[in-house]
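Undergrad: Let me see the structure of the following:
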Amino acid sequence: MNPVPDRPARLLLLGGLAVGLVARLVFAVADDGLWWPDEYYQALEPAHRAVFGYGWQAWEFLEGARHWTLPGLVAALMKVSEAAGLPYLRVIEFSFCLVGSATGYAVSLLARAQGASQRASAISAAVFSLMGLAVFIAPRAMGEGLSGLPITLAFALLFMAPSRGKVIAAGLLLSLAVGLRLQNGLFCLGALAVLWRLKGPVALLLGVLVVGAVGYGLVDQLTWGEPFHSARAYLRFNLVEGRASAFGTSPFFHYVSAFVTAEGLTFVPLVLLTALGARKRPELPLIVLGFFLVHSLIPHKELRFLFPLVPLLAAQAALGLDLVKPKVQLAVLALAGLSLLTLPWLTFGRLGIHDPPRDTSALDFGGPENRLLIRAGKLDDLCGLRLASLTHWRTGGYAYFHHRAPIYRADKPEEGAGHYNYVIARHGTVEGTELAVDHDVALIKLNDAPCTPDPTYDWHLE
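TA: Sure, this is the predicted structure:
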């Protein structure tokens with residue numbers, strides 16, 4: 001590494017991180033919709049139920065197939081926000097945006113740790129910070145987006161001169177990533193291989209990971225009543241019973257096409273630059289390729305599953321940037337800026353999702369319903385609410401509603417008769433008093449509607 005500070009590179013790094021953070025915060029405020037229901041029902045909703053005592057329960061939290069690391073962190077943010085009198089949804093979104101921006105800085109650290117120049121490291125960090133897909137995922141309470149930071153930092157520590165303290169910190173970070181998403185255990189295997197290749201203290205890292213695994217099991221013991229219950233239930237559901245395929249299957253090359261259509265402006269250059277620099281440092285490319293291939297062999301595919309690879313690709317690409325001309329470096333940075341500018345035109349089809357329809361905008365999908373749920377939750381005379389404009393699991397549920405009253409489903413119009421006095425429906429489709437309209441969706445009070453308690457209300461999501 002060049003020990004002499006490179007002021008232009010430092011300004012580029014700080015500028016890229018700053019613009020990326022602002023873009024994330026603006027997007028968080030403008031978009032109240034969802035990418036995938038898991039961002040609600042694997043994090044926000046169980047956290048809300050844990051803190052406030054009510055909320056829908058997805059099957060994973062009935063069978064104990066999820067670890068409590070992610071919803072536990074979200075619950076802590078909810079609790080602190082509530083105590084401080086702050087809107088917990090915004091606090092959670094902004095916290096995740098800060099993590100996304102910090103991941104960009106971790107990209108520069110990992111690039112420098114592998115021997116990239118300050119300029120190339122700054123460009124690679126700026127590319128990650130500005131790319132539309134990274135901005136899109138940033139405010140969402142999903143383990144895939146959150147785990148990018150500990151994974152990238154862990155490898156940065158391992159590629160530095162691996163002291164005892166750095167190895168311990170890397171092991172703890174990787175253990176946290178596994179708690180956020182079980183599949184991140186593959187990165188633990190990669191980290192052990194990296195340390196072995198660097199002739200570092202492999203036994204120490206293995207010992208820390210074992211301690212982390214014990215902690216994983218202890219959390220399951222405290223939350224589900226037996227150690228490693230969530231891992232066993234999750235693996236049984238996916239590998240033994242194959243029930244994940246019920247949520248859709250995709251061909252082997254799905255991730256290739258999805259990355260190209262969703263983030264081709266930066267993904268293609270990053271892959272090419274990674275290949276270019278792989279001769280100098282082949283460890284990360286092999287880890288990325290292995291993670292990619294394992295997920296490609298699994299029938300059920302979602303682009304978000306591979307997001308932890310994106311910061312690793314960006315960091316590795318810095319080695320390739322050092323081998324190309326300055327004009328090419330600036331072109332890659334410009335493509336990242338263009339990716340950010342074209343984010344408003346992102347569709348579900350470009351993300352590789354067929355339901356909703358491919359041409360549906362991926363921005364603020366379900367946002368009108370969620371904002372009206374927040375509005376409805378503040379009504380003193382509300383005793384029950386019916387969702388008529390959108391399937392219930394595509395909304396933010398009680399994390400947005402924040403009112404201990406029944407929400408009845410759009411796909412069961414006969415459900416809850418006599419137990420609700422407000423409806424969220426398409427503007428002009430339901431008789432009553434429209435209290436608020438968001439785009440073409442309205443919050444409607446049913447005039448003179450009887451509303452009695454519903455002791456049989458089912459809190460199960462499915």
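
Undergrad: all contacts plus neighbour counts: C-alpha atoms, from now on.
TA: OK.

Undergrad: Which parts of this structure are strands?
TA: Secondary structure of the chain by DSSP state E: the strands cover 385-387, 407-408, 422-426, 433-438, 441-445.

Undergrad: Out of those, flag the one nearest Ala233.
TA: Proximity of the strands of the chain to Ala233 was assessed by C-alpha to C-alpha; the nearest stretch is strand 407-408, lying at 28.8 Å.

Undergrad: Now for Ala111, how many residues are close by?
TA: The criterion is other C-alpha atoms under 10 Å. On that basis, Ala111 has 30 neighbouring residues.

Undergrad: try Glu431
TA: 12.

Undergrad: Surely it and Ala449 touch.
TA: No: Glu431 sits out of contact with Ala449 when judged by C-alpha atoms under 8 Å, with a separation of 11.2 Å.

Undergrad: Outside of stretch 124-135 itself, which residues are in contact with it?
TA: For stretch 124-135, contacts defined as C-alpha atoms under 8 Å, 6 or more residues apart in numbering pick out 12-13, 15-17, 19-21, 23-24, 27, 100-101, 104-108, 111, 262-263, 266, 310-311, 314-315, 317-318, 332-333, 336-337, 339-343.

Undergrad: for that stretch, the distance to its chain's centre please.
TA: Chain-centre distance of stretch 124-135: 15 Å, with C-alpha atoms, centre = their mean, to the nearest Å.

Undergrad: Pull up the distance across that stretch, start to finish.
TA: Distance between the two ends of stretch 124-135: 15 Å, counting by C-alpha to C-alpha, to the nearest Å.

Undergrad: Low-confidence stretches in this protein?
TA: Applying pLDDT under 70 to the predicted model, the residue ranges of the chain that meet it are 1-5.

Undergrad: which helix in it runs the most residues?
TA: Counting by DSSP state H, the longest helix found in the chain is helix 88-113.

Undergrad: Filter the contacts of stretch 124-135 down to the buried ones and hand me the ChimeraX line.
TA: Only the buried members of these enter the following ChimeraX selection, criterion being 16 or more other C-alpha atoms under 10 Å:
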select :12,13,16,17,19,20,21,23,24,27,100,101,104,105,106,107,108,111,262,263,266,310,311,314,315,317,318,332,333,336,337,339,340,343
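
Undergrad: any idea how far Val441 lies from Asp380?
TA: When C-alpha to C-alpha is applied, the distance between Val441 and Asp380 equals 21 Å.

Undergrad: Which one of these two is surrounded by more residues?
TA: The residue with more neighbours, out of Val441 and Asp380, is Val441; 23 against 8, by other C-alpha under 10 Å.

Undergrad: about what we covered before: can you redo the strands of the chain as JSON lines with distance to Arg281?
TA: What follows is the strands of the chain, written out as JSON lines (distance: least, C-alpha to C-alpha, whole Å):
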{"stretch": "strand 385-387", "distance to Arg281": "53"}
{"stretch": "strand 407-408", "distance to Arg281": "54"}
{"stretch": "strand 422-426", "distance to Arg281": "55"}
{"stretch": "strand 433-438", "distance to Arg281": "52"}
{"stretch": "strand 441-445", "distance to Arg281": "53"}
